[in-house]
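Chemist: Show me how the following folds:
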Amino acid sequence: SVGQGPSAACHDIPDEDMTYVSTGLKAVGGIFVAFQIVAGILVILWTVLNRKNAIVKMSQPVFLVLVAFGCMILVLSIVPLFIEEEYRYQQDPITGELTYESNPTIWRADAACMAFP
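Modeler: A predicted model of the protein is given here:
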């Protein structure tokens with residue numbers, strides 16, 4: 001930028017980077033989500049198959065299945081956090097000003113915001 005006060009001018013508008021979470025962290029999060037989903041399914045299957053066992057019967061199989069299912073639902077709340085988008089309206093590539101034209105990919109960010117309070 002050049003100048004001060006009302007004569008200041010910005011001649012170089014840098015491109016904004018909207019990726020706040022690195023790809024590596026997203027991959028690790030995805031692996032953990034997949035692991036938890038698979039583990040939850042395996043625990044539910046094990047509980048259903050061993051529901052006649054005295055120890056499982058005393059531990060209330062329905063409760064064990066609900067806890068495993070709840071853990072799977074809980075870990076799915078991580079998935080919307082992977083979505084990072086740009087502005088709601090498209091940006092003019094020359095001036096950097098926001099236009100009144102809607103961004104066609106903003107629906108993914110809207111869905112992510114609605115899924116995560």
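
Chemist: Measure how buried Lys26 is and give me the count.
Modeler: Applying the criterion other CB atoms under 10 Å, we find 16 residues in the vicinity of Lys26. C-betas here are computed from N, CA, C, even on glycine.

Chemist: for the helix or strand hosting it, which positions count as buried?
Modeler: Remark: Lys26 resides in helix 23-49, with elements defined by DSSP states H and E. Residues Lys26, Gly29, Val33, Gln36, Gly40, Val43, Ile44, Thr47 are the ones in helix 23-49 that count as buried (16 or more other CB atoms under 10 Å).

Chemist: Looking at the residues you listed, spot the one nearest Thr99.
Modeler: Lys26 (29.4 Å; CB to CB).

Chemist: Low-confidence ranges, this protein, go.
Modeler: Segments of the chain classed as low confidence (criterion: pLDDT under 70) are 1-3, 9-19, 84-91, 93, 96, 105-117.

Chemist: what ranges do the helices span in the chain?
Modeler: When assigned using DSSP state H, the helices of the chain occupy the ranges 23-49, 54-58, 61-76, 106-115.

Chemist: Next, format those helices as JSON lines and append distance to Glu97.
Modeler: Shown next, in JSON lines, are the helices of the chain (distance: least, CB to CB, whole Å):
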{"stretch": "helix 23-49", "distance to Glu97": "30"}
{"stretch": "helix 54-58", "distance to Glu97": "63"}
{"stretch": "helix 61-76", "distance to Glu97": "38"}
{"stretch": "helix 106-115", "distance to Glu97": "17"}
